[in-house]
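Participant: everything below, folded, please.
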Amino acid sequence: MSLLLLCVFLGVTHLVSTLSYGVRIAGARTGKIAFCLSLFNLLVLVSRSANTLLTPSLSKRVESQLNGSGTHLLGDFHALITSATIATVIGLAAIPSFQRYVTSIVGAFDRFPSLGRLTMHACSPAGWTSLGQAWTLPSKKNLIFLQPTLRLPWNVFFLNFAGSALLTTGVLSSLYAGVYAPELRMTTGQLSAVVNFAGTILLFAFVDPYLSYVTDSAAADHRNSDTLLRSAVFGMALSRLLGTLLSHLLLVPGAQLIASIARLIPG
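Facilitator: Here you go, the predicted model:
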């Protein structure tokens, strides 16, 4: 599989993950949080499907270049991380439009209470019109979390930053560790699950409960909590972007650490 196609698959994964923040805003504004979470699960399914195609192709790429110095492979992996960063930037800029479109989808579901009919409606001229009407540029108000007067929990911001970095580099570092321990490349590849588990714990045990609380608060009190929700969403999206940038620095040290751990595992 070409490097460009691999970048597209990884970009789709990060684009979907970033846009998922907008689902929370739509859920709070419509009051239908459970339904919006169902739509979010569909996005996750798309993301994981792309990731399923990505991992075996990357493994084959490592196998085919393992006899070389690995320098070309390192450039490929940095290109993949760059595609994740670009996709995250696009997703961050598209959050306002996406949440408006999801809000219109929620309204359309009242008229078409079936996912199949809803999909047909979304693909119809009326659906494309709704997509066009949802387009908007991000507002400077979304950066209100940078104001010192707003009590944004920076510990959550940094946890999301760290978790995003681990999830971005987990598979890549584990596969690249095969360059340092070619005789243990199957073991290093399996250790990606450990890195991803650590990143997932940071996101779902510490970050997600806070975002869920803010979403529920905004749904109950639009006037006072909607600003905080938008602030939290864009703050988390920005920390995710910074996490993808950190992945460039973690790629090689992470691969070396994983290779060392693989050698320590008893056979």
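
Participant: please report how far the residue nearest to residue 216 when sequence neighbours are not counted lies from residue 132.
Facilitator: Among residues not flanking residue 216 along the chain, residue 33 sits closest, at 7.2 Å (C-beta to C-beta, 6 or more residues apart in numbering). All C-beta atoms are positioned from the backbone trio N, CA, C, and that covers glycine. Distance, residue 33 to residue 132, using C-beta to C-beta, to the nearest Å: 26 Å.

Participant: can you check residue 124 too?
Facilitator: Computed as C-beta to C-beta, the residue 124 to residue 132 distance reads 13 Å.

Participant: please name the nearest non-neighbouring residue to residue 206.
Facilitator: In this structure, residue 206 finds its nearest non-sequential neighbour in residue 159, 4.8 Å apart by C-beta to C-beta, 6+ apart.

Participant: do I have it right that the one you found meets residue 204?
Facilitator: No. Contact between residue 159 and residue 204 fails when scored by C-beta atoms under 8 Å: they sit 10.8 Å apart.

Participant: quick one, helices of the stretch 151-267 of the chain?
Facilitator: Assigned by DSSP state H, counting those that start in this stretch, the stretch 151-267 of the chain shows helices spanning 154-180, 185-190, 192-202, 208-220, 222-264.

Participant: and of those, who's closest to residue 21?
Facilitator: Nearest of the helices of the stretch 151-267 of the chain to residue 21, taken as C-beta to C-beta: helix 222-264 at 4.5 Å.

Participant: contacting residues for the residue nearest to residue 206?
Facilitator: Residues in contact with residue 159 (C-beta atoms under 8 Å, 6 or more residues apart in numbering) are 202-203, 206-207.

Participant: tell me the one of these nearest residue 26?
Facilitator: residue 207 (19.1 Å).

Participant: ok, for that closest one, nearest residue in space, not its chain neighbours?
Facilitator: In space, residue 207 is closest to residue 160, 4.7 Å off (C-beta to C-beta, 6+ apart).

Participant: residues contacting the one you found?
Facilitator: Residues in contact with residue 160, defined by C-beta under 8 Å, 6+ apart, are 202-203, 207, 236, 239-240, 243.

Participant: with residue 41 instead?
Facilitator: Neighbours of residue 41 in contact, by C-beta under 8 Å, 6+ apart: none.

Participant: returning to that earlier point: export the contacts of residue 159 as TSV, with columns for neighbour count.
Facilitator: Shown next, in TSV, are the contacts of residue 159 (neighbours: other C-beta atoms under 10 Å):
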residue	neighbour count
202	21
203	20
206	16
207	24
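
Participant: which one among those gets closest to residue 251?
Facilitator: For the contacts of residue 159, the residue nearest residue 251 by C-beta to C-beta is residue 202; the value is 18.6 Å.

Participant: just give the nearest non-adjacent residue to that closest one, would you?
Facilitator: Nearest to residue 202 is residue 163, by C-beta to C-beta, 6+ apart, at 3.4 Å.

Participant: just confirm the one you found contacts residue 207, I think it does.
Facilitator: Yes. At 6.6 Å, residue 163 and residue 207 qualify as touching, with contact defined as C-beta under 8 Å.

Participant: follow-up on the earlier one: can you say which of the helices of the stretch 151-267 of the chain is nearest to residue 97?
Facilitator: Once the helices of the stretch 151-267 of the chain are compared by C-beta to C-beta, helix 222-264 is nearest, at 13.5 Å.

Participant: good, we can wrap up now.
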